[in-house]
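# Here is my input, please return the structure:
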Amino acid sequence: MKTLYLILALVIGSANGFTQVTKGVDDLIDDEKKLKKVTTDSTDGWQRGGLVNINFTQVSLTNWAAGGQNSISLAGFSSLFANYKQGKSTWDNTLVMQFGQVKQGGNSFVKSDDRLQFTSKYGRDAGKNWYYAALFDFQTQFTVGYSESNNSATRISDFMAPAYFLGALGMDYKPNKNFTLFIAPVTAKYTVVNDDSLAFEGAYGVQGFKVDNDGTVTNFENTRLEIGGYLRVNYKKQIMENITYQSNLGLFSNYANNPQNIDVNWDNILNMKVNKYISASITTSLIYDDDVKIAVLKDDGTPKVRADGATPEVGPRTQFKYVLGVGFAYTFGNK
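The predicted structure follows:
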């Protein structure tokens, strides 16, 4: 009888133990589901961060037999972002600021780099990494720019002269956090030249002042509106530890005026981090705008002139900028 009682006690104890074990397993499963939900939900909300880079260069010569000039250059670059995600909606914002000056010999400081750009993009999840999207982009420069390295030369740009406003509706493809492809068949590009002297000459594609052979006078305009298609590609990659590469390509085609002549804006940044605060960077910018006329130069660097022997020959040209910098760099916020 004692044996029977012992067996019953073991069975009842085992049942209770099994119940406790299964309850513990169920609790673990529930906890795992909650953890997954928290992890998934934690991607919602704001993510903020950016990069600040300051480069300084000085060359000082004393009794230098090979010749040369003393020079000082200072350049700053910052790229800031604030991105928001909530459910199926995303909102990405970036602000890029660049400014640099250089001084050679006895000349005064002149601008070597100047850029102010803000981009904002809203997306709504459409499934399979595609988003319905709307994009706004604004770009100009901070200060006046001159055609020569002397501030008494011809002024060719200023704040809001030019300025570009771009609004686009389309689809955004985001297969991962390192690549986006934005395609917008409906895009409005608005150019502002808030300087009458530049607008008078028809700079940056706006309608300039002109008198036709029959005496018809066409007054200048400070703005120009273009309707077309837009494509934007953003790509970033960590090549190896402390070396990152980022590329941004924008293409715009004006449906009404030479759609085959596509405007190109292509920026590339290669950042090589030495330690927490020191880095080296290589930045390139390539621009082609069919509406921006630039003087055509001879092999000796002098401007070409038209058949009348006086009017300079101008036309669209590929613009390219290359900057190599070493200096202070600080990265902050979310990666």
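# and the nearest residue to residue 285 once chain neighbours are set aside, what helix or strand is that in?
Among residues not flanking residue 285 along the chain, residue 321 sits closest, at 4.4 Å (C-beta to C-beta, 6 or more residues apart in numbering). For every residue, glycine as well, the C-beta is placed using N, CA and C. Assigned by DSSP states H and E, residue 321 belongs to strand 319-333.
# Same question for that strand: list its buried residues.
The neighbour-count criterion (16 or more other C-beta atoms under 10 Å) identifies 323, 325, 327, 329, 331 as the buried residues of strand 319-333.
# quick check: mean pLDDT across it?
For strand 319-333, mean pLDDT rounds to 90.
# swap in stretch 66-85?
91.
# which of the residues in it are buried?
Under the neighbour-count criterion of 16+ other C-beta under 10 Å, stretch 66-85 has 73, 74, 75, 76, 77, 79, 80, 81, 82, 83, 85 buried.
# swap in stretch 264-276?
Buried, per 16+ other C-beta under 10 Å, within stretch 264-276: 265, 266, 267, 268, 269, 270, 271, 272, 273.
# got it, and stretch 155-171?
156, 157, 158, 161, 162, 163, 164, 165, 166, 167, 168, 170.
# So what touches that stretch?
126, 130-147, 182-195, 197-198, 203-204, 230, 252 (C-beta atoms under 8 Å, 6 or more residues apart in numbering).
# Could you tell me which of these are located in strands?
126, 130-140, 145-146, 182-192, 230, 252 (DSSP state E).
# quick one on the thing from earlier: the residue nearest to residue 285 touches residue 282, doesn't it?
No. Applying C-beta atoms under 8 Å as the test, residue 321 and residue 282 come out as separate, 11.5 Å apart.
# which residues in this protein form helices?
In the chain, the helices defined using DSSP state H lie at 2-41, 196-200.
# Name the residues of the last one that come out as buried.
Taking 16+ other C-beta under 10 Å as the basis for neighbour counts, the residues of helix 196-200 that come out buried are 198, 199, 200.
# which residues are in contact with it?
155-158, 161, 193, 204, 206, 208-209, 220-222.
# weakest of the helices of the chain in terms of mean pLDDT?
Mean pLDDT, when computed for each of the helices of the chain, is lowest for helix 2-41, at a mean of 45.
# Looking at the residue nearest to residue 146 when sequence neighbours are not counted now. What's its pLDDT?
Excluding its sequence neighbours, the residue lying closest to residue 146 (C-beta to C-beta, 6+ apart) is residue 153, at 4.5 Å. Looking at residue 153, its pLDDT is 74.
# Kindly provide the distance from residue 153 to residue 111.
Using C-beta to C-beta, to the nearest Å, one gets 12 Å for the distance from residue 153 to residue 111.
# what do you get for residue 127?
47 Å.
# who has more neighbours, these two?
residue 111 (18 against 7; other C-beta atoms under 10 Å).
# How many neighbouring residues does residue 298 have?
As a burial measure, residue 298 scores 10 neighbours (other C-beta under 10 Å).
# Use 6 as the first number from now on
Fine by me, first position is 6 from now on; the one you just mentioned is residue 303.
# Now do the same contact list for it.
Counted by C-beta under 8 Å, 6+ apart, residue 303 has contacts residue 309.
# Tell me how far stretch 202-219 lies from the chain's centre.
Relative to its parent chain, stretch 202-219 has a centroid offset of 31 Å by C-alpha atoms, centre = their mean, to the nearest Å.
# meant to ask about stretch 318-329
19 Å.
# Need the CA coordinates for it. CSV is fine.
Extracted C-alpha coordinates of stretch 318-329, given in CSV (Å, rounded to 0.1, in the frame of the first residue of the first chain):
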residue,chain,number,x,y,z
GLU,A,318,31.4,82.3,-76.9
VAL,A,319,29.4,80.6,-74.2
GLY,A,320,27.7,77.2,-73.9
PRO,A,321,26.8,74.4,-71.5
ARG,A,322,29.8,72.8,-70.0
THR,A,323,30.5,69.9,-67.6
GLN,A,324,31.4,71.3,-64.2
PHE,A,325,33.7,69.2,-61.9
LYS,A,326,35.0,69.9,-58.4
TYR,A,327,37.5,67.8,-56.4
VAL,A,328,38.4,68.4,-52.8
LEU,A,329,41.0,66.5,-50.7
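# Nearest to residue 309 among the buried residues of stretch 71-90?
residue 78 (31.1 Å; C-beta to C-beta).
# how far away is the closest one from residue 244?
27 Å.
# Now do the same contact list for the residue lying closest to residue 296 once chain neighbours are set aside.
Nearest residue to residue 296, sequence neighbours excluded (C-beta to C-beta, 6+ apart): residue 210, at 2.9 Å. Taking C-beta under 8 Å, 6+ apart as the contact definition, residue 210 lies against 196, 229, 294, 296, 297.
# ditto for residue 122
99, 100, 101, 102, 142, 143, 144.
# okay but the fourth one is in contact with residue 83, surely?
Yes. Checked against C-beta under 8 Å, the pair residue 102 and residue 83 is within contact range at 4.9 Å.
# Run through the stretch 56-205 of the chain and note the low-pLDDT ranges.
Across the stretch 56-205 of the chain, the ranges flagged by pLDDT under 70 are 153-157.
# Now with 50, please.
Within the stretch 56-205 of the chain, the stretches with pLDDT under 50 are 154-156.
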